[in-house]
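In: I would like the atomic coordinates for the input below:
(2 chains)
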Amino acid sequence: MTASAVPSEASSASAAPRGGGVRRSVLRRVAPYLQAGPLALTLLVFLLIPILTIVAVSFWDYDSIRIYPDFVLTNYEELLTSPVTWKTYLNTVKFAALTWVITLLIGFTVAYFLAFHVQSTTWQMVLFLVCTIPFWTSNIIRMISWIPFLGRNGLLNSGLISAGLIDQPLEFLLFSDFAVVLAFVHLYALFMVVPIFNSMMRIDRALVEAARDGGASAAQVVWNVILPLAKPGIAIGSIFVVTLVMGDFITVRLMSGGQSASIGLMIANEISLLQYPAAAANAVVLLAVVLIMVVAMLRIVDIRKEL
Amino acid sequence: MTGTRRGLSFYLLAAFFGLFVLFLYGPIATITILSFQGPEGGLTFPMNGVSLHWFRNLFEQQAVGDFGGSFRRSIALGLTVMVLTVLFSLLAGFAFRRRFLGSGALFYLAVASLIVPSILVSLGIGLLFNILGIEPTWYGSALGAHLTWTLPFGLLIVFAIFNRFNPAYEEAARDLGATPWQTVRHVVLPILLPSLIGVGLFGFTLSYDEFARTLMTAGSFNTLPLEIYGMTTNVTTPVLYALGTLTTVFSFTVIGLFLAGVMILRRRRLRRTGAAG
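Out: Below is the predicted model:
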């Protein structure tokens, strides 16, 4: 490195370097490919080729012992003609929609408070960190930590009973759809808070003041100024929450106590039964549905502007 | 700023924020307290004595599973993912500062990596290795699976950093006769370092907690999340909470160390620029 330092210093001084400059301009042109190479290779080998493998295997045949390379449409036929599939999709979309609405309300409110009502930057950062720290612990641990709270003899039930509000423990709190959505909100609310907070921090404060000077009420400022400008953040957060919920299986399995289904869980069950082609067909359909949802959300806002 | 008027809306929003924080921390605090149950205690309140019984139990009882081994594997995997994430996403960040053929496609591939449900990555890699006849391992296929999750995050953070990065520093270095490598080594990297620590922290914790992408890719040896998941289905004692408490304490320690590192770096730089100015 040090040996080449001297000539390159000389060549950069002259406007049109010759000789060594040729090698350098080649290097300059090749450099981005070398730099992006590791990323591209990793994503190719561990994302693109595996997805293509799923697509291929979804047309394969199988019996109880092994899978066979073939081209059959039975996996898709069985999947799409089964009422169980449709019911499961409906249930998954229901989880996604509920989680989306709740996390959006929480995310917007929390981000709005942090961005516009907390005055000092230090406090903003401290409170923001307070929100993000629980995110770094294991999802499974965060899920099971609801058990002593929601259970039959849990904190909530005993609290309500001793307060005289109910005389029987509420059974729907744990191992129910309620518990599933609650856990989703607990796990993914942050995915809404962070991008919305990020968008809101970029809003020029002069716009808010101008609106206020123009006689807008606080609610009008939020609705007509902040909300439209926070849209990219809302879109990014929504994409995260919706795709995470659509593909989830572990939260649904743990929190519903096996009483509720989701597409992810259906795929996981097929995997554990070694019905790989069926799981693959299911996965292809899920991927298509998720992509359609994401494209629809991207049509509303252009997130590339955010980067 | 807009002055110090603190109307009713401020207090309402502050109360909402307080509830949100309680919602985030409450359950974790509950299991932390419950993990100190006495030997006769169960999974819920009331506390039946106070002891470290379940923590000892966690390390003694072999029936629980290979807790130590899975913990070591998760740490090793997390550290490898951390190093590769920082390295690969920083390099790619440099590449994306110039136009190159396929940059758009690579960007969308990275974004797709975030959107594709984890179970599909797991299934895809599992199937691919199955068909090729390669045995999945936690340090091979699981490493790749984790990288598909951590690299896009790393890349997006690096993009954000470079967007805020002032190229005038590089030009100044170049005008003073620095080689490209010297510019990177002495100007760009020191400025990026705190953010790169953030990328590393992200990579480590995402990998350390990743379950779905490890499910079909870890091979015959479990990582910690797989071990914990196994426990949730067959362990009905507070030993589960003890494990939860320990891993949470561990995560918080890692974050604390990283934050302290960033703070020290920032202070050192302030001191240095202060001395120079």
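In: ok, the helix or strand encompassing residue B:173 near chain A or not?
Out: According to DSSP states H and E, residue B:173 maps onto helix B:168-175. Yes - Helix B:168-175 lies within reach of chain A by CB under 8 Å from any CB of the partner chain, at residue B:174. In short, each C-beta sits where N, CA and C put it, glycine included.
In: which residue does the stretch 151-277 of chain B bring closest to chain A?
Out: Residue of the stretch 151-277 of chain B nearest chain A, by CB to the nearest CB: residue B:244 (4.1 Å).
In: for the residue lying closest to that residue once chain neighbours are set aside, grab the count of nearby residues.
Out: Take residue B:244 and drop its neighbours on the chain: the residue closest to it by CB to CB, 6 or more residues apart in numbering or on different chains is residue A:141, 4.1 Å away. Other residues near residue A:141 come to 24 when the count uses other CB atoms under 10 Å in any protein chain shown.
In: return the set of buried residues in whichever strand or helix holds residue A:141.
Out: Residue A:141 belongs to helix A:139-144 when assigned by DSSP H and E. Within helix A:139-144, the residues that qualify as buried are A:139, A:140, A:141, A:142, A:143, A:144, counting by 16 or more other CB atoms under 10 Å in any protein chain shown.
In: please apply the same query to stretch A:64-84.
Out: A:67, A:75, A:76, A:79.
In: out of those residues, which sit inside strands?
Out: Among the buried residues of stretch A:64-84, the ones falling in strands (DSSP state E) are residue A:67.
In: now pLDDT and distance to residue B:98 too, for the buried residues of stretch A:64-84, in JSON lines please.
Out: Formatted as JSON lines, the entries for the buried residues of stretch A:64-84 read as follows, by pLDDT from 0 to 100; distance: CB to CB, whole Å:
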{"residue": "A:67", "pLDDT": "78", "distance to residue B:98": "45"}
{"residue": "A:75", "pLDDT": "84", "distance to residue B:98": "44"}
{"residue": "A:76", "pLDDT": "89", "distance to residue B:98": "43"}
{"residue": "A:79", "pLDDT": "86", "distance to residue B:98": "45"}
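In: wait, which of the buried residues of stretch A:64-84 is closest to chain B?
Out: residue A:67 (8.4 Å).
In: what's the average pLDDT for the strand or helix carrying the residue of the stretch 151-277 of chain B closest to chain A?
Out: Here residue B:244 sits within helix B:239-276, counting by DSSP H and E. Summarised as a single mean, pLDDT over helix B:239-276 is 78.
In: quick one: is the longest helix seen in chain A near chain B?
Out: Assignment by DSSP state H gives helix A:83-112 as the longest helix of chain A. Yes - on the criterion CB under 8 Å from any CB, helix A:83-112 is in touch with chain B at A:106, A:109, A:110, A:112.
In: tell me the contacts of the nearest residue to the first one once chain neighbours are set aside?
Out: Think residue A:106. Spatially, and ignoring its direct neighbours in sequence, residue A:106 is nearest to residue A:189 (5.1 Å; CB to CB, 6+ apart). Residues in contact with residue A:189 (CB atoms under 8 Å, 6 or more residues apart in numbering or on different chains) are A:103, A:106, A:107, A:110, B:20, B:24.
In: which neighbouring elements make contact with the helix holding residue B:244?
Out: helix A:139-144, helix B:8-34, helix B:53-60, helix B:189-209, helix B:224-234 (3 or more CB pairs under 8 Å, 6 or more residues apart in numbering or on different chains; DSSP states H and E).
In: let's see it at 10 Å
Out: helix A:121-132, helix A:139-144, helix A:147-150, helix B:8-34, helix B:53-60, helix B:67-95, helix B:189-209, helix B:224-234 (3 or more CB pairs under 10 Å, 6 or more residues apart in numbering or on different chains; DSSP states H and E).
In: lowest average pLDDT across those?
Out: helix B:53-60 - the lowest mean pLDDT of the helices and strands packed on helix B:239-276, at a mean of 76.
In: what residues sit buried inside that helix?
Out: Buried-residue list, helix B:53-60, by 16+ other CB under 10 Å: B:53, B:54, B:55, B:57, B:58.
In: show the contacting residues for the spatially most central residue of chain B.
Out: With distances taken as CA atoms, centre = their mean, chain B has residue B:205 as the residue nearest its mean C-alpha position (2.1 Å). Counting by CB atoms under 10 Å, 6 or more residues apart in numbering or on different chains, residue B:205 touches A:135, A:136, A:137, A:138, B:78, B:81, B:82, B:150, B:251, B:254, B:255, B:258.
In: could you report the separation of residue A:52 from residue A:284?
Out: 11 Å (CB to CB, to the nearest Å).
In: the more surrounded of the two?
Out: For residue A:52 versus residue A:284, the count of surrounding residues by other CB under 10 Å is larger for residue A:284: 20 against 12.
In: residue B:136 versus the more buried one, what's the distance?
Out: From residue A:284 to residue B:136 the distance is 21 Å (CB to CB).
In: swap in residue A:204?
Out: According to CB to CB, residue A:204 and residue B:136 sit 51 Å apart.
In: of the two, who's got more company?
Out: residue B:136 (21 against 10).
In: returning to that earlier point: just the buried members of the contacts of residue B:205?
Out: For the contacts of residue B:205, buried by 16+ other CB under 10 Å: A:135, A:136, A:137, A:138, B:78, B:81, B:82, B:150, B:251, B:254, B:255, B:258.
In: measure how buried residue 220 is and give me the count.
Out: By default, I'm working from chain A. 13.
In: let's do chain B instead
Out: 8.
In: residue contacts, it?
Out: Applying CB under 10 Å, 6+ apart, the residues near residue B:220 are B:135, B:136, B:137, B:138.
In: please apply the same query to residue B:77.
Out: B:138-139, B:142-143, B:146, B:204, B:207-208, B:210, B:214, B:218, B:223-224.
In: the same query, at a cut-off of 8 Å, please.
Out: B:138, B:139, B:142, B:143, B:146, B:207, B:208, B:223.
In: got JSON lines for the contacts of residue A:189, with neighbour count too?
Out: Shown next, in JSON lines, are the contacts of residue A:189 (neighbours: other CB atoms under 10 Å in any protein chain shown):
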{"residue": "A:103", "neighbour count": "26"}
{"residue": "A:106", "neighbour count": "20"}
{"residue": "A:107", "neighbour count": "27"}
{"residue": "A:110", "neighbour count": "24"}
{"residue": "B:20", "neighbour count": "19"}
{"residue": "B:24", "neighbour count": "20"}
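In: and the contacts of stretch B:143-153?
Out: A:39, A:42-43, A:45-47, B:77, B:80-81, B:84-85, B:88-89, B:110-111, B:113-114, B:118, B:121-122, B:125, B:199, B:202-203, B:206-207, B:210, B:213-214, B:217.
In: ok, residue B:35 - contacts?
Out: B:54, B:55, B:238, B:241, B:242, B:244, B:245.
In: mind showing which ranges of chain A have poor pLDDT?
Out: For chain A, applying pLDDT under 70 flags the ranges A:1-24, A:302-307.
In: would you mark the buried spots in the helix or strand where the residue nearest to residue A:106 lies?
Out: Here residue A:189 is covered by helix A:177-202, with elements defined by DSSP H and E. By 16+ other CB under 10 Å, the buried positions in helix A:177-202 come out as A:177-201.
In: which strand or helix spans the residue nearest to residue B:100 when sequence neighbours are not counted?
Out: In space, and not counting its chain neighbours, residue B:100 is closest to residue A:32: 3.8 Å by CB to CB, 6+ apart. For residue A:32, the host element (DSSP H and E) is helix A:20-43.
In: which strands and helices lie in contact with the very next helix or strand once past that helix?
Out: Per DSSP H and E, helix A:20-43 leads on to helix A:49-57 as the next helix or strand towards the C-terminus. For helix A:49-57, the elements it packs on are helix A:276-300, helix B:118-132, judged by 3+ CB pairs under 8 Å, 6+ apart.
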